[in-house]
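> coords below, sequence missing:
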């Protein structure tokens with residue numbers, strides 16, 4: 001009997017030892033798993049949009065859209081040619097046509113004469129005629145310009161200008177030196193009225209920038225080259241006869257030769273609205 005009781009006790013003890021680990025295993029809390037890192041999936045559409053945004057960020061800014069046609073008025077100084085005003089019409093964002101005109105101040109004539117003589121365009125005797133003929137003369141020009149580059153700030157320009165002057169105080173002695181001959185008529189200090197007109201071609205480039213609101217300023221450098229000229233005069237005592245006409249033609253030919261070798265630089269500053 002004691003042996004049976006001992007066997008039962010061993011069996012119960014073995015059962016308890018077997019169930020204890022299983023019970024502890026059931027009570028253990030599960031381990032928390034780490035969440036995977038958040039990822040962003042880039043679809044082909046997202047990649048295309050990103051590339052387009054980068055392309056726009058690298059591109060230069062475009063000018064503000066506006067009307068196809070716009071009109072402008074400007075005050076300008078074209079040194080050493082004239083000071084005056086300009087009217088212009090812009091077509092689109094690159095093309096502009098203008099009409100400008102003004103008068104030639106005396107200081108401009110002196111500067112132009114100094115430049116022309118320094119580059120060997122003519123001698124001092126011709127300069128005497130220029131300084132009496134051009135002050136107060138009128139200048140008119142028609143032309144156009146084309147903006148280049150992504151920012152449309154630089155531009156090329158070209159035009160045709162006409163300069164017309166008149167002098168009542170050209171001495172007969174000055175003309176005799178120019179023509180290399182003695183002119184018939186009164187004494188050497190006689191004043192001979194002379195009129196001259198020069199047509200010149202202009203080619204240059206410039207830079208424009210917006211100032212405030214609708215205000216702009218333009219700065220350009222160009223070269224003017226005369227392509228035709230006409231010079232006339234009225235010699236006292238000859239009354240428009242054949243002799244006077246021959247002398248006039250001689251002077252006209254002389255001045256045409258002078259202008260043919262003249263390339264005059266011109267710097268223009270304009271304030272435009």
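Noted; the coordinates are in hand. Everything numeric in this text was worked out from a predicted model, so none of it was measured.
> Now the phi/psi pair for residue 240, please.
Dihedral angles of residue 240 (phi, psi; degrees, to the nearest 10) stand at phi 70, psi 20.
> in the stretch 1-150 of the chain, which ranges drop under the pLDDT threshold?
The model of the stretch 1-150 of the chain has pLDDT under 70 over residues 1-67.
> Shouldn't residue 100 be within a strand?
Yes. Residue 100: assigned to a strand according to DSSP: H, G, I helix; E, B strand; the rest coil.
> which non-adjacent residue is nearest it?
Nearest residue to residue 100 in three dimensions, chain neighbours excluded: residue 86, at 3.8 Å (C-beta to C-beta, 6 or more residues apart in numbering). Where you see a C-beta, it was placed from the backbone N, CA and C, and this is true even at glycine.
> Distance of the one you found relative to residue 233?
33 Å (C-beta to C-beta, to the nearest Å).
> These two: who's more crowded?
A direct count of neighbours by other C-beta atoms under 10 Å for residue 86 and residue 233 places residue 86 higher, at 22 against 19.
> Quick check: which element contains the more buried one?
Using DSSP states H and E, residue 86 sits within strand 82-91.
> Packing partners of the lengthiest strand in the chain?
Selection of the longest strand in the chain by residue count, based on DSSP state E, yields strand 191-210. For strand 191-210, the packing partners by 3 or more C-beta pairs under 8 Å, 6 or more residues apart in numbering; DSSP states H and E come out as helix 124-133, strand 138-148, strand 154-171, helix 172-179, strand 216-233, strand 264-272.
> sorry, back to before: test my guess that the residue nearest to residue 100 contacts residue 96.
No. Assessed by C-beta atoms under 8 Å, residue 86 is found out of contact with residue 96, at 10.4 Å.
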